[in-house]
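Novice: sequence below, structure please.
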Amino acid sequence: IIQRFKDSSKNYEVYLVGGCVRDLLLNRQPKDWDFTTNVSPQEIQKIFPNSFYENQFGTVSIVTNSLDESLKIIEITPFRLEGEYSDKRHPDEIKIASSLIDDLSRRDFTINAIALEIKEIKKDGEIDYKIIDPFDGQKDLKNKLIKAVGDPQKRFNEDALRLMRAVRLAVQLNFKIEEETKKAIIKLADNLKFVSQERLRDELIKIIMGENAALGIEMLHNLKLLPYIIKELEEGVDVIGVTKKLKSHIKYESLTVFEHSLK
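Specialist: Purely as a prediction, here's the structure:
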């Protein structure tokens, strides 16, 4: 795909971006591959006729016919900027950005705001590449931190689901949430009420189907998010003594109902 762009024009810029770059830097297999570019959706479709374009973000989906599930559809989105988020979920306006840095600056967390440029694919298969990391995402990867890009309150006010996504990424990667980012989550937890139940469910499933499920629920509680997701679990906090008569649960008798549920 990158070679096709290079063959089409020397002025075309195209970068791998987001979660796939993060996973590559962590030596994890990416689940999907996203590109960003300075090329318009219409021009992208000229380069890749076997593609479709049907969303407000200008994303073109290229059909590759690969047998690898992660490579069957490759998404390419032009550099973009986003307007105000009056509903706490979707930008009121999408604008084409003039540079990669502008595009990276509107992303959620520093570890997802890293781009990778393939400069040359050599005949022997060697790849000459460059990492573009304006927000020190590689440093946060090394320190195992989830940190918002720029002002965390602004990032979470743009898209309230990011409050929960921070927990999901922390649980999946076994990272901690950076202190200012954590404070912003607690302060803006109430914004989750603007997110649809379906979206909350999808993030919750990703949290509880991972290896650190109980930790994820505990983090949701500590960050004041749990009442907007599973309020019944929250009601068990500080409630003690209901399991004493159950012999099979005798080792948990000193736990609260919430702690017992986590066990």
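Novice: C-alpha from now on. contacts and neighbour counts both.
Specialist: Will do.
Novice: doesn't Arg199 belong to a helix?
Specialist: Yes. Under DSSP: H, G, I helix; E, B strand; the rest coil, Arg199 falls within a helix.
Novice: and it, what does it touch?
Specialist: Leu161 (C-alpha atoms under 8 Å, 6 or more residues apart in numbering).
Novice: quick one: it from Glu75, how far?
Specialist: Going from Arg199 to Glu75 by C-alpha to C-alpha, to the nearest Å gives 21 Å.
Novice: kindly format the C-alpha coordinates of the helix or strand hosting Asp103 as PDB.
Specialist: In the assignment (DSSP states H and E), Asp103 maps to helix 100-105. Extracted in PDB, the C-alpha atoms of helix 100-105 (Å, rounded to 0.1, in the frame of the first residue of the first chain):
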ATOM      1  CA  LEU A 100       0.700  15.200  10.300                       C
ATOM      2  CA  ILE A 101       1.400  17.000  13.600                       C
ATOM      3  CA  ASP A 102      -2.000  18.600  13.500                       C
ATOM      4  CA  ASP A 103      -3.600  15.200  13.000                       C
ATOM      5  CA  LEU A 104      -1.600  13.600  15.900                       C
ATOM      6  CA  SER A 105      -2.400  16.500  18.300                       C
END
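Novice: what's the following helix or strand after that helix?
Specialist: Taking DSSP H and E, what comes next after helix 100-105 is strand 115-121.
Novice: could I get the buried residue list for that next one?
Specialist: Buried residues in strand 115-121, defined by neighbour count with 16 or more other C-alpha atoms under 10 Å: Ala115, Leu116, Glu117, Ile118.
Novice: okay, the first one: pLDDT?
Specialist: pLDDT for Ala115: 97.
Novice: list the contacts of Leu116.
Specialist: So Leu116 contacts Tyr15, Leu16, Val17, Val21, Tyr129, Lys130, Ile131, Ile132 (C-alpha under 8 Å, 6+ apart).
Novice: pull out the buried members of those.
Specialist: For the contacts of Leu116, buried by 16+ other C-alpha under 10 Å: Tyr15, Leu16, Val17, Val21, Ile131, Ile132.
Novice: now the second one: how far from Thr37?
Specialist: In this view, Leu16 and Thr37 are 9 Å apart by C-alpha to C-alpha.
Novice: of the buried ones among the contacts of Leu116, closest to Glu259?
Specialist: Within those, the smallest distance to Glu259 is 36.7 Å, found for Val21 (C-alpha to C-alpha).
Novice: shaky segments in the chain?
Specialist: 55-56, 81-96, 241-253 (pLDDT under 70).
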